[in-house]
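>>> just to be clear, the model below is a prediction. Sequence and coordinates:
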Amino acid sequence: DSRMTILANGGGSVANGTLMEVWVDTMNPTVSPPWATNYWRVEHRDENGIVLTSDLFDGWRLVPQLQTVQVSLVGDFMAGAIGALELSFLPLSDAASLKVIAELPAGFDFSQ
């Protein structure tokens, strides 16, 4: 079960219009939970535990991770020669495409 319950009980009432904030550090899962379970629920209860108000809001979509990413230069190692890059990785979720962007060195050309 992946639930977290935070109970704020300071021994008194909270005045109407008071902003309540809670900060939580968490570790995201490696893949997004199913749509039907990816939400947050907030309840405001009275001193007897009776729900006065509540709200649901959508969780966020996680960007899937790649594991064991490796890039290797294969083929001709001579300056000015056309070489090849071998890219390997283990995706943690299904995908329909792959996008590779070479940021350095400037002028890197995949077109050949």
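The structure has been received and is ready for your questions.
>>> name the residue closest to the centre of this structure, please.
With the centre of the chain defined as its mean C-alpha position, the nearest residue by CA atoms, centre = their mean is Leu62, 3.2 Å away.
>>> surely that one and Pro29 touch.
Yes - shown here, Leu62 and Pro29 form a contact pair, counting by CB atoms under 8 Å, at 6.9 Å. C-beta coordinates here come from the backbone N, C-alpha and C atoms, glycine included.
>>> and Trp35, what are its phi and psi?
Note on Trp35: its backbone torsions stand at phi -50, psi -40 [degrees, to the nearest 10].
>>> what pLDDT is listed against it?
pLDDT, the model's per-residue confidence, is 81 for Trp35.
>>> burial count for it?
Trp35: 10 surrounding residues under other CB atoms under 10 Å.
>>> state the distance from it to Ala95.
Between Trp35 and Ala95 the distance, using CB to CB, to the nearest Å, works out to 18 Å.
>>> check Val14 too.
Counting by CB to CB, the separation of Val14 from Ala95 is 46 Å.
>>> same check on Asn16?
Asn16 sits 48 Å away from Ala95, taking CB to CB as the criterion.
>>> give me the secondary structure label for the residue nearest to the centre of the chain.
coil (DSSP: H, G, I helix; E, B strand; the rest coil).
>>> same check on Leu52?
Per three-state DSSP, the secondary structure class of Leu52 is strand.
>>> run through the bridge partners of the closest residue to it other than its chain neighbours.
Computed as CB to CB, 6 or more residues apart in numbering, the closest residue to Leu52 that is not its neighbour in sequence is His44, at 5.0 Å. Under the criterion DSSP bridges, His44 forms beta bridges with Thr53.
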